[in-house]
Structures are given as structure tokens and as C-alpha cells.
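Novice: After the sequence you'll find the predicted model.
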Amino acid sequence: MDVVNMSSQDKKTDSDPRHEEDQSSTASEDNKQVICLGNNEVKSRAVVKYSAAPPSSSYALLQEKTDLKLPPANWLRENTQLGTAGTTVLGSSRKSKPFSSFGMAYDFIDCIGDDVDVVSDSENIKKLLKIPYSKSHVSMAVHRVGSTLLLDELDIQELFMRSSQTGDWTWLKEFYQRLIDQKWQRKKKSKEHWNEKAILSKFLYYSINSDGTAVPVPSDTEQAAEEGCGTAAEGSSWPATFNSSTAESEESAIPKEEQVDTYALGHVSSVPKEQNLPTLFNEGENSQDLRNDFVRNILWTFEDIHMLVGSNMPIFGGGRYPAVSLRLRDNNKPINVLTGIDYWLDNLMCNVPELVMCFHVNGIVQKYEMIKTEDIPDLENSTFSTRVVKDIAQNILSFLKSNCTKEGHTYWLFKASGSDIVKLYDLTTLCEEEEEEEEEDESCSYSTSSELQDDSKAVAIIRSVGELSVPEKYKSTHQIRPNCAFPVSQDKEEKCRLVLSYVLKGLKAVDSSIKKESDLPAADPSTPIPLKYEERSQNGARDVEQDIALLLDRVGPCNEELKVPTRSGMLPGTWQHRMKLQLFLKASKAYYVLSDAATNLLKYGRALRYIKLALQCHDAYCSINGGLHPQVLLFHCQCLSLCGDVQLMLAQNASNRAAYLEEYNYQTKDDQEILHCLHRESSCQAFSMATDLASDPEYQLIVSSKCYEAAHDLLTSGVLKDLGQEQLGQVLKRLGNIRNEMGVFYMNQAAAMQVEKQGVRRSVCMAEQELWKKSFSCFEKGMQDFNAISDSVNTALLLCNIGRLMRICAQAHCVTTSEHSRGEFSPEEALYYNKAIDYYQRALKSLGCRESHSAVWDSVNWELSTTYFTLATLLQDYAPLSRKAQEQIEREVTETMMKSLRFCDLQTESARQPLYQYRAATIHHRLASMYHSCYRNQVGDESDRKQHRALAEQHYSKAVRLFISLSDAPCELLRTLLERVAFAEFTMAGQNSSAVKLKTLTGALEIMCETRHAFKLIHKELLEQQEKMSTPEDSDKPEELHSDSSPSSELNTEEVVKLIGVFEPSFSFLLLQLIKLSTASKRKVSGKEEEQVKIYKNVYSRFLRAEKSVPLIQRVSLFTELLDQLKTPTGSDEARSSSS
């Protein structure tokens, strides 16, 4: 096995190279794997499995001003070194043979199935990875062999051209024409395209010529070359690969002044001339005709994707640069992203560390530039993220592997030119359907061009190529279109249906061999036939617990055997008995797989029907078997767990019950006949209650819980205690989850009862208390389950839910007076809120640190902060003055608010950061208001008043700073600033000195000017509301389009009007007092102060003359204008001069 840049002595071409790789595998182990990083983000490794490249030789670095339009002397001439390649203008620069991946797969068949994910031409790989960046069409055939995908270009238009005379593929041609909504036609290449091809061919011949001079070729050759330009087939941009004809001795003969830097050319060889393409899907094609005509086959590992790719890219090397790729670029055309990705991927696949670009203008060589492979993604005008390319590769592979599931089928991956939609079709199935439709009704075939019908024929669809750039977008199966058959499960379903058909045949054969069959009564599925073990139930009750407990009684020693004939007359120990045991167990397992697949498809009605059939098969198995083998019991635990899963999903999706009921009631003929065979041995009613489709979500949750409990009891019994430890952990997690779901269900019911009682004087009723007890009990049991498996994250979530339950209990104990108003904060409320805080703190303790699970930690942290804030708010707004002193309440409010503030994470960037900022601002505002009130009302100790004044100023300042950082809280900002102005006015009322008063008023006016920011936000929102009202067509749009403009996010105009009612008199008072104090001052007034007074008078005059009846938006606009007028000259200088 060779590495791409190994020396020539390890690459033998005199015998079949595909056998030489084993001989060369003894090379140094250090050269076998090479890691190449792009932007230090993605991992790439390339190992050559086969190479037809000859020994390396040198090539010339062309001199500046070399004219590439002139052919070199060796152009298109056959040569012993060049071989037969390059006998046309484009050499053998053609597309690879159709289905070339099959040739590679045949040559390296040991890699197919498990070791390799994809086999394809390197050009196809590049085209797939460029899908999100390119508007070009994509058409590829996909085949699956084991877990390996074979990808080949499917030139469907060429297929139609070649089949136009035979009439084949008519159905596909019609389907394709409708698919692209236009008549197909092949785009002809422009003359410029072929000229560029010719220049490239001449450039490569120059590069392997020993001198860089342009030697004209004979006219007949040139004429043939020109003819070739017009007739050459479409292909890739690289001509054939070459053998060098330049020797070291010839290099030494070149004069020094004419010598150019030389590099070695290697890894290139001749390729046979293109033959006529075989007919697509040629049935006669066998392994002998599968050609692998690539120069090299490379096992390329890109991150975790293993690909076998074929490449013909010329690789040069030698001297200081052991391996480089050579590209010719027009200097007037910048490199775009598509070209950059192309160059980067080519170098990665062939493990080439550097790229040499020769720039030309109109065929005249200008300069050379060498670029490292890892620098290609950062080139100007072609910058791209290598991590995104990696995500695209992983998503495409996951998409194809999830949907191309049937071996022997041909899948078609198609993207129309200019479209963002990628579709995958199963051509094999489409062909079969077409034949069936033609037999039924020839006129109905493809009678519509509806896009919906085209989509319904697709196996899967990528609605937007942008999805491919999303990490792990197609990792999970739920991303596949819901209205399509789920490919993986579909395959399983076919296999299971086949198993069940054989089971049915076997059961019929066994039943026909049992004597006295005609004497047996016909089984009626609706009439339960009592079994022996039912006598253990005294009253015959059929509730869920007793129903499932019946099976637990079956657990007994495996060596017990029945001594009496079964219900059908079958004797224990006979071949019929042994066969039926096997068939019942096979049927049960098949139905289990079908149920599991339906659950993954979100078809819960179908899943419940299948798990019911699985349990009925198991019931029949138990009725003819004296004891159960441990492995059978383990499987039965899986059935019970799956039944619990399905019932849980049905409870969570109760709104779709009608659809689920239709799925549940449907039965195939095979299912009915198998059930009839089961009824010959058992009534199959042991699990009827557990597998019924009920309409009550609570009942479904209880059934789910009891299924998990039964599975848990079986796994902890003596028989399975040592065998089911792994399954026990899964069942305990399910138990914890279902108990959490039940706890949340009862908690939500209790919360709903509170909502119903809103506005009504009430006390806690017994029904509420019962729901609390049920919810708390479920949460506690769930915590025990999660603790048993050391699941700290889920334990924290349950503790968080208990904290929420405690808050609901606290809200229920809210005291309502006779006037239906809120009473004092009660001791019961305080008790439950403190209990909630305790549970939230336990949840944080369970997690330990944020790194253990950041999402859960942030959620618990938020709930804890919310609980502290709610407790402090209720304590402040509804102070229990009848029980506690005012000072004590203020102290408790301060402590609780500060605790809430401590859990407001203002530093971590997250979705909750704006909420934390708003809460922190609200806390500071509330504390400022409380200290403001204390300052106004407190009489006596002056030191306390000073402290309250300082604290009020401090919290007002912090609240304003936080509200300003938010763009959606203008009312809160305006209210805080107005309170702060009122605080300054109250402070001024107690001052005697005119100078001190003037300073205080100036400071208050500066605070008032800060309301400008709030008014601008209000004006902006009023304009947006006005625009919405003036656009009548918005009202006709669906309601979901207005989801972003919910009432909670809109501006509260009533609140704005109230705040303006406070702003106007306060603003007027400040201006009037400033004018009075400034003009009444006996000291000499400076010119600047005089100018300031004029501004005050002008603003005051305009404010008094303003109309109060104008629309709100005009009033807000006026306030903004007046405040802007006051902003320019500040009053700080005036205040300083007054105080001096």
C-alpha cells in the first residue's frame, strides 16, 4: 500500500498494480498514514490503494510572457514517455466510465460492506460537498452494498438521447420533464470554454517540456487540434496524465541564462482512449467489463467518513516540494468559493500539501504563486469554513444512508439547476409502480404536474440546501419527512411481515395435524375464555394492576412441564407442542420489532396494536408452557417496557387520538389469522387492559407506570436478578420518567383548579390537597428511581418540579378579603415558598456545578431566583404588618431581594440574559422605591435618613443603567426616572439655601433629560403600531404570522398615558422653579447662565402652548424635541458657579 507522496521506487507498473499494493505494503510504517488539517479544524488521511503513476520527472516553471496560445513542440504528439495519452486537444480529459464505482468496488471488494462508507469518483464527492454553495444541477445514482454506498454521476439527459430511438425509459423521461417543469436540452459549451481547455492542455505540455519556448507544430496537427475543440466530449478540466520525457542530461545542456526552476512530475500515466459508452443498466455487464480506469484509487478518511475515491489529478513533485498540484488561472477572474473548495478537496484527497497556481492574461503567463493546502480556505474572495464542509459531508452521508436502504435498488439523488431542494427517488420502485399503473389504467399515468405528487414519490427530501450546513441535522431519523414511508423501518417491516407469513403457515400446518380439530369450538376473539391461572383472583377484577400481576405469577422454574393436554387437544412434549412454542415466540418477537419501528415513526396507534399482538402471542406461549426460560422473561420485560413507552406517548399526544384509533383498529388478514391460531390455545386477554387505547390520559399514564413496574419486578426477581442488570437500569430510568410525568400531570391539574377559582373567595379544598399529595408522592418515587442509577441530572429536574409544586401550594394559600382583593402575606405562603427554595437548592447541590449540565443548571438557577423575587415582592406589596414590625419587613425584603439578585446571572451569554437583566433592574428599582419611601416617612434619626437616601440613589442609578441596556422596557425606564426626579424634588423641599436648591433642581433636570431615551423607544414602537394599523392586508394573514407581535411584547399605551400624566407636571415644575431661582438670584449672572435661562424659558413656553388633545405619538415627539433642546448646554457649570 502506497502513500501518495512515496518515492517512485515503491510504485511498480510493469505488472498488475492492483496486486502490487500488497508487495509495497512493506514500506515504512511511518509513511502509511498522513494527517492533514484544514484550518486546524478537520482531519484528513489519504492512503493510496492503487496507483498507475510512473517514476517522477521534472517539469518547467514557465518564463513570464510565455504565450500559451502557441502550441509547444511536443503538443499532441505520441511519445514513448507520453504513451498514447494526449492525442487530442483535451487528451483523455473525459468523464469517468458510467458506474465506475462498481469497478473500484470490484477491485477492492474486501473493503466493501463494513470498512468503507462511500465509493465514488472524486469529482462526484466534490459536487456533493459543494451543493449548499452551488446553483448547478446534481444528478447521481446511488446503490447500497451492505453499509457501503456506491455513487455515480447519472447523466439522465444522455440516457434519454441514446434511448430516444428504442423507446426505452419513456416513463422516466416524462417524470423528469415534469420534475424540472420544462423540456430538457443539453447546454452546449461556448467557444470560450473550449479555448480555455486548449490553453490548459498546452500549458501542461509546456510544463513537461525541457525548455519553455513555444515551438510551432505542423499545420495538420494544429488543424486537427482546432477540429478537436469543437467535437471534444464534455469532461473535467484536466487533460490526460503524462509520463515525462525530460532527462537530467538534457537539463544540463540548457544554457544557464535560459534555465528555469524545475520540479518533478509524478503520479501520472496514460489512460486508454474513450470507447463508446455502454447502455445504462446493461444486463449483460459483468465483473469482467467493470473497468477501474482511474490513475489512482485512494482510501480517504475525512473526519469519521471512510471513502474509496478515484482520482486522475496530475501531481508534480521533486526538489524542495515533494508533492504539489498545478493549476492555471485567468488573472482577470478571481477565485470563487466553489473553486477554492474544489482545489482544497483535491489536495486533501491526494494528500498534496501545496498548490501552485500559474496566472495568465489572455494566454500570456504572468506569475506563479504557491499556496499551502491549509491556507486555501482563507484565500481572498473564496473564504469558506472547513468545519461547515465537514458538517455537509456528514449530513449528506447520514441522509443517504438513512434513506437508501434497499440493496439492489437504484436511487436517484436529484437537484434541479438553481433550486435549493434536493430530492431522492427510488427508481426501481418507481419503475415497478409505473408498470402496475399502466396495467390498471394507461390514461392515469403521470396525469398531473403537481409538485405535491412529485414530492410524494420521493423517498426523502431536503427542503433547503442550507440545512446541510447545520451540524448533525440528519443524524436523527425524525428529520425525515413524516408522510413518507420510513426507510429503515420499512425494510424491517417487510422482513417482519415475511417472518409472520411463515409463522402463519407453520401454525396452520401444526393445527391441521392435531387430532379432533373439527370437534373444537370456533374461537370468538370478543369472548374471553378463562385460563387456569385466573382462579387465583378471588373476584375476577380486571384492573390494570391485577391484569399485569397475572403474568408475574407465571414466573416459575423452566423445567416444569404441563401434564394435561392444551386447550386445542395438543399433548405436551409432542413435536406440535415444541413447534408451537417456537412459532408463538417468533411471532411475538416480530410484532415487537414492528411496534418498535412504528414508535420511531411516531405512529403510536399502530405501535400499540403491534405490541398488543406481541403480548397476545406471549400469553398464548405461557398458556402452553409450564415455565418460562430466563431469556424469554428478558424479552417479555422488553415488551412491557415498550408497551409502557407507547402508552406514555399516547398520553402526551392525546390531541391526535382519532388518527391513533384508526391505526389501532386496522388489522391485516395475516394478523387476523394468527390471532385465530392463538385463540385455539388461549383467550389472549391477559394484557387487554394494558394494551387498550383509552381516552383518559391519566389512565394511560397509570398503565404505562404499571407496565414499567411489572418489568422492574421481573428483573429484580430471583430468576433474572443476575441476568438483567443492564436492562434494569433502563427500566429504572423509564420508571423515574413516568413518575415525573404523572407528578407533572397532577401538579398541572392542581394549578388548573386554582385558575378556575380566580376572583372567587376560596380556601384550599380537599381535592387540591389530594392532587398535591399524589404529585409529591410521584416525584419522590421518581427521585428514588433516579438515585438508584446515580442519575443526578434527572434527580435535579425532579427536585425542581417539587419546588414548582411548593410554589403552587403557596399560591393556593393566598388570603382573599371579602372585597376579593389580596390580603396580607400569610405564614402558609411563606412556609411553602421557603420549602420551594429548599428544593431548588437541593437541585443545585445534586448537579454540583454548572459544567455537569449547563441547561439544567441554568433552569434551576432561574427558578431559584424567581422564587426569591416572588417571595420578596409579595412581602413588600402585601406586608404582614399585623404580625411584624415595618423595620423587620424591610430587612427581610432587602435580604430576599439580594438573594434573588445573587442568582441573576448577568455575565453568561444565554437566551435568559435579557430576562436576568430585566429582573436585576426591577429588583434595584423596588429596593430604591422602598428606601425612597423610608426616607420620606421616617422621622427621627438623621443618620438613618442619610443612609436611606444614599441607598435609594445607589439603587435608582443601577436600575436606570440596566433598563437603558434593554430595548423593550421603555415604560419601566421612564417610571424609574420619574421616581428619581420626585426623590430629588422631595430632597429640595427640605433645603433652605437658594444655591443648594438650584443645584438640586439642576441635577433633577439632568435626570429628567435622561427620559429622552425612553421617549425615543416609545416613539419607535408607536410608529410600528401605526404602520401595522395602516396596512389592511396584514389582517388577512394567518394568525401564526403575527406570533412575534403578541400582546405581551406590544407597548402598553395606557401605561404610557399614565406616565406622561406624571411627567408633564414634574417637567413644568422643574423648569418654572429653575427660571425663578435663576432670575431671582442677587449675584451677577454670567453670559452662559443667561443663555441657559433663555433656553429654559423657551422650552417652558413651548411646553405650555402645546396642545393636549393631539395624538399620543405627536406628544411624545414634542417631549423628545424639548429634551434634546435642553441637552446641548448642560447646567453643571451653572450649578458649580451657584455653589461657589
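Specialist: Happy to help now that I have it. Residues are numbered from 1 along each chain as shown.
Novice: can you list the weak-confidence ranges in the stretch 201-350 of the chain?
Specialist: Applying pLDDT under 70 to the stretch 201-350 of the chain flags residues 209-291, 318-321.
Novice: Regarding this structure, what is its longest helix?
Specialist: For the chain, the helix that runs over the most residues, judged by DSSP state H, is helix 725-756.
Novice: Show me what that helix packs onto, helices and strands only.
Specialist: Contact here means 3 or more Cβ pairs under 8 Å, 6 or more residues apart in numbering; DSSP states H and E; on that basis helix 725-756 packs against helix 630-652, helix 697-715, helix 766-788, helix 792-812. Every residue, glycine included, has its C-beta placed from N, CA and C.
Novice: list the buried ones in that helix?
Specialist: Applying a neighbour-count criterion of 16 or more other Cβ atoms under 10 Å, one finds 727-728, 730-747, 750-751, 753-754 buried in helix 725-756.
Novice: and if you look at stretch 837-857?
Specialist: 837, 839-840, 842-844, 846-847, 853, 856-857.
Novice: what pairs with the residue nearest to Glu354 when sequence neighbours are not counted across the strands?
Specialist: Using Cβ to Cβ, 6 or more residues apart in numbering and skipping the chain neighbours, the partner closest in space to Glu354 is Val324 (4.7 Å). Using DSSP bridges, the beta-bridge partners of Val324 come out as Phe316, Glu354.
Novice: from memory Val324 sits against Val356, does it?
Specialist: Yes: assessed by Cβ atoms under 8 Å, Val324 is found in contact with Val356 at 4.9 Å.
Novice: which residues are common contacts for the two?
Specialist: Residues touching both Val324 and Val356 (Cβ atoms under 8 Å, 6 or more residues apart in numbering): 316, 370.
Novice: So between those two, which is more surrounded?
Specialist: Legend: neighbour count by other Cβ atoms under 10 Å for Val324 and Val356, higher for Val324 (26 against 17).
Novice: Please spell out which residues along stretch 168-177 are buried.
Specialist: Across stretch 168-177, burial judged by 16+ other Cβ under 10 Å covers 168-169, 171-173, 175-176.
Novice: hang on, the earlier thing: which stretch among the helices and strands packed on helix 725-756 comes nearest Asp905?
Specialist: helix 792-812 (16.3 Å; Cβ to Cβ).
Novice: Determine the set of other helices and strands touching the helix or strand following the closest one.
Specialist: Counting by DSSP states H and E, the next helix or strand C-terminal to helix 792-812 is helix 827-847. In terms of contacts (3+ Cβ pairs under 8 Å, 6+ apart), helix 827-847 is packed against helix 792-812, helix 854-877.
Novice: between those, which one is nearest to Ile611?
Specialist: helix 792-812 (25.2 Å).
Novice: how far is that closest one from where the chain is centred?
Specialist: The chain centre lies 30 Å from the centre of helix 792-812; the measure is Cα atoms, centre = their mean, to the nearest Å.
Novice: Of the buried residues of stretch 168-177, which belong to strands?
Specialist: Among these, no member falls in strands (criterion: DSSP state E).
Novice: State the distance from His360 to Leu200.
Specialist: In this view, His360 and Leu200 are 10 Å apart by Cβ to Cβ, to the nearest Å.
Novice: same deal with Lys367?
Specialist: Distance, Lys367 to Leu200, using Cβ to Cβ: 17 Å.
Novice: Return the member of the buried residues of stretch 837-857 nearest to Leu951.
Specialist: Nearest to Leu951 among those is Ile837, at 24.9 Å by Cβ to Cβ.
Novice: Pull the number of nearby residues for the residue nearest to Tyr660 when sequence neighbours are not counted.
Specialist: Nearest residue to Tyr660, sequence neighbours excluded (Cβ to Cβ, 6+ apart): Gly605, at 3.2 Å. By other Cβ under 10 Å, the residues close to Gly605 number 22.
Novice: if I read this right, Gly605 contacts Leu693, doesn't it?
Specialist: Yes: Gly605 lies in contact with Leu693 (Cβ under 8 Å); the separation is 6.7 Å.
Novice: what's the overlap in contacts for these two?
Specialist: Joint contacts of Gly605 and Leu693 (Cβ under 8 Å, 6+ apart) are 650, 660-661, 664.
Novice: what do His360 and Leu200 both touch?
Specialist: Residues touching both His360 and Leu200 by Cβ under 8 Å, 6+ apart: Leu328.
Novice: what's the most buried one of the helices and strands packed on helix 827-847?
Specialist: Stretch with highest mean neighbour count among those: helix 792-812 (a mean of 22; mean count of other Cβ atoms under 10 Å).
Novice: Compute the distance between Thr170 and Gly729, please.
Specialist: 58 Å.
Novice: what about the helices in the stretch 351-500 of the chain?
Specialist: 386-403, 427-440, 451-457, 487-513 (DSSP state H, counting those that start in this stretch).
Novice: Now mean pLDDT and distance to Lys1127 too, for the ones you listed, in TSV please.
Specialist: Listed next are those as TSV, based on pLDDT from 0 to 100; distance: least, Cβ to Cβ, whole Å:
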stretch	mean pLDDT	distance to Lys1127
helix 386-403	88	47
helix 427-440	71	72
helix 451-457	56	59
helix 487-513	80	67
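Novice: hey, which of those is tucked in deepest?
Specialist: Most buried of the helices of the stretch 351-500 of the chain, by mean neighbour count (mean count of other Cβ under 10 Å): helix 386-403, with a mean of 21.
Novice: and Cys111, what is it in contact with?
Specialist: Cys111 sits next to 49, 148, 299, 308 when contact means Cβ under 8 Å, 6+ apart.
Novice: Lys130: which of those is nearest?
Specialist: Nearest to Lys130 among those is Leu308, at 20.2 Å by Cβ to Cβ.
Novice: tell me which element that closest one is part of?
Specialist: Using DSSP H and E, the element containing Leu308 is strand 305-311.
Novice: Strand partners (parallel or antiparallel) of that strand?
Specialist: Using DSSP bridges, the strands paired with strand 305-311 are strand 118-121 (parallel), strand 296-302 (antiparallel).
Novice: Adding distance to Asp346 and mean neighbour count, write those out as CSV.
Specialist: What follows is the strands paired with strand 305-311, written out as CSV (distance: least, Cβ to Cβ, whole Å; neighbours: other Cβ atoms under 10 Å):
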stretch, distance to Asp346, mean neighbour count
strand 118-121, 12, 25
strand 296-302, 11, 23
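Novice: Output those as JSON lines; include the columns distance to Lys390.
Specialist: Listed next are these as JSON lines, based on distance: least, Cβ to Cβ, whole Å:
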{"stretch": "strand 118-121", "distance to Lys390": "14"}
{"stretch": "strand 296-302", "distance to Lys390": "7"}
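Novice: one step back: neighbour-wise, which of the contacts of Cys111 leads?
Specialist: Ranked by neighbour count (other Cβ under 10 Å), the contacts of Cys111 have Leu308 at the top, with 24 neighbours.
Novice: Test my guess that that residue contacts Asp117.
Specialist: No: counting by Cβ under 8 Å, Leu308 sits too far from Asp117 to count as a contact (9.0 Å).
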